Every structure is written in C-alpha cells, then in structure tokens.
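Peer 1: next one to model:
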Amino acid sequence: MNIQWFPGHMAKTRRLLNENLKLIDVVIELLDARIPKSSKNPEIESIINKKPRVTVLNKADMADEKISLEWQRWFEQNGIKCVFIDSIKGTGINALKIMLREAAKHKIQKEKQRGKIFIPIRTMVVGIPNVGKSSFINKVAGRSSAATGDRPGVTRGKQWIRLNNEIELLDTPGILWPKFEDEETGLHLAWTGAIKDDILDKIELASLLMQKLLLLYPDELKARYKIDSSATFSTGYDILLAAGKNRGCIVSGGEVDLNRISSIVLDEFRGAKIGRITLERP
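Peer 2: Presented below is the predicted three-dimensional model:
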C-alpha cells in the first residue's frame, strides 16, 4: 500500500518555517509517542540546522509505557533532549518548561549582561499533521489558544501565543515531507491519522492495521473485538471479518459491512480504545 500525501499548503509551511526561524530561540519538535521514528520529519533537521531544540513526544497517554521508557533511554543515549507529554492531563509540561529554559540559557545570560531581566524565550512548534500540536499548546498555555481537531490540517497559518511571562510560542501548520522513505512509514502515519482518510483505501488500511496489532498486541486486539484467544488467522482481512461479525456490522444477506467495521477499528485505535499501543521500537 504505497501512501504519499503532500498537499500544496505544506510547501508553503516549509517556507514559513524557514522565514521565521531567525526569530526563534528554541525549536520544539513534536513527535507522536506511538510512532517516534515515523512521525519525525527528516527535513526538519536541515530546516532548523543548529538551532537549540527540545524533542517532545506527545500523546504519551496513548502509547505503551514500557516501550516509551525504552525510547526515552534511546533518545538520551543519542544526546537528544526529550520529554514525554500527556496533553490531556498535562503530565510533563513542567519538565518541558525547565528544558526550554536550559536550552535558551545562553540567550538569557546574554540578555542579562545587557541589563534585560525579563526576556521571554521565543519558541516554535514543528511537527506532522494531527500530532496534537494545538492540544499541546493549549495545555502549556493553560487556555484555549489554538484550534483543535482530531484530523490533519486544523492549523493552517502561523500564530504567536504568549504562554506566560517566560515563554512565547509560534504555532505552525503540520508538515509532512514530499516522499516517504518506505511503505511502513506511510502506514504508520495513516493509521495514526496524520494523512487524510479520504485519499486512502480504508478497508485495506484497517486490514493491515489488524495484521500489525495481531503481531504486536494480540491479547488486546482479541479482547477488544471478542475474538477467541485461541483463534488463528492468515491475514488481517480475516481478523477484520471476525471483528465485523462480532460487532454486528452486518448488511442484508449476512455479509460483513467492511466499510463500517474499518472505520470503527481505525477510530478505536486512534482513540486508544484497543489499548495503549506503540507501533515502533527503538
């Protein structure tokens, strides 16, 4: 399933990032804790260059806690400052603010030498679509400053948000890259909602997700869709059929309504109703 999606406004976003980088002290790179590798835009490296950066793994409340600890160790071992954030409960927000001050300490010291005491740190949030930027910003700000939605493309222009006396933040639209390196990256982005569903074959997408979950989280998958724990399947399509029957997604003639069960599976995965799932290991 070859997935590619790079609408025109994303090229505009790339230019916007380049133009505004000179105004920024620290870049906040937002990743999806469920897919830390696939949600990392390889073009961000060349765009931000040597600008100080803090890596935030958002949606930590949906990710497998054990795997998240493995990822945290991996980032630390590779010299990358990172923090896992739950944008609903606010877990990790205080740690992030400390990391931002640390990343901008040279600028703060320089301004103090010039006699300026209260100089806000100017930050910019970058990340793929539907990684939860707006929810993250609202939680950090403590108010509804950015529009939110469970779909890619909610933020379409830049906006400055003053978080407190210490931090100002530039919100930017989500940006993908023109060509994904491999099929798995495209699938991970599609499963987590970074790519619009209406350009995808939803049944094939859900079937492949079922196949992946059977490999990584078989117990959670079978429990959610009331599938016999001893049952074996040769394809993800077979699991999708079984789930559809058990959920009563039946049309006239006794056939499974594959479109309906596919939508249910994708929505429940994205809402962490199947369980706390991480698709990638470090």
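
Peer 1: first-to-last residue distance for stretch 34-47?
Peer 2: 24 Å (CA to CA, to the nearest Å).

Peer 1: buried residues in it, which are they?
Peer 2: Using 16 or more other CB atoms under 10 Å as the burial criterion, the residues of stretch 34-47 that qualify are 34-36, 38-41, 44. (Each C-beta comes from the backbone N, C-alpha and C, glycine too.)

Peer 1: what does it rub up against?
Peer 2: 14, 17-18, 21, 29, 31-32, 57, 59, 62-63, 71, 126-128, 131, 175-177, 181, 184-185, 188-189, 192, 194, 277-280, 282 (CB atoms under 8 Å, 6 or more residues apart in numbering).

Peer 1: among these, which are located in strands?
Peer 2: Among the contacts of stretch 34-47, the residues falling in strands (DSSP state E) are 29, 31-32, 57, 126-127.

Peer 1: now those residues in TSV, with pLDDT, distance to residue 162 and neighbour count?
Peer 2: Conversion of the ones in strands among the contacts of stretch 34-47 to TSV gives the following (pLDDT from 0 to 100; distance: CB to CB, whole Å; neighbours: other CB atoms under 10 Å):
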residue	pLDDT	distance to residue 162	neighbour count
29	90	21	22
31	94	25	25
32	95	26	29
57	96	25	25
126	84	19	26
127	81	20	25
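
Peer 1: and those residues as JSON lines, adding distance to residue 136?
Peer 2: As requested, the ones in strands among the contacts of stretch 34-47 are arranged in JSON lines below (distance: CB to CB, whole Å):
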{"residue": "29", "distance to residue 136": "12"}
{"residue": "31", "distance to residue 136": "11"}
{"residue": "32", "distance to residue 136": "11"}
{"residue": "57", "distance to residue 136": "11"}
{"residue": "126", "distance to residue 136": "12"}
{"residue": "127", "distance to residue 136": "9"}
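
Peer 1: list the buried residues of stretch 219-230.
Peer 2: Buried residues in stretch 219-230 (16+ other CB under 10 Å): 220-222, 224-225, 227.

Peer 1: quick one: the strand or helix carrying residue 223 to chain centroid distance?
Peer 2: Residue 223 belongs to helix 218-224 when assigned by DSSP states H and E. Remark: helix 218-224 is offset 23 Å from the chain centroid, using CA atoms, centre = their mean, to the nearest Å.

Peer 1: how close does the residue lying closest to residue 136 once chain neighbours are set aside sit to residue 104?
Peer 2: With sequence-adjacent residues excluded and distances taken as CB to CB, 6 or more residues apart in numbering, residue 136 is closest to residue 87, at 4.6 Å. Separation of residue 87 from residue 104 (CB to CB, to the nearest Å): 22 Å.

Peer 1: for residue 85, same thing?
Peer 2: Distance from residue 85 to residue 104, by CB to CB: 19 Å.

Peer 1: tell me which of those two has more neighbours.
Peer 2: residue 85 (27 against 23; other CB atoms under 10 Å).

Peer 1: give me phi/psi at the residue lying closest to that one once chain neighbours are set aside?
Peer 2: Leaving aside its chain neighbours, residue 85 sits nearest to residue 92 (4.1 Å; criterion: CB to CB, 6+ apart). Residue 92 adopts backbone torsions of phi 90, psi -10, taken as degrees, to the nearest 10.
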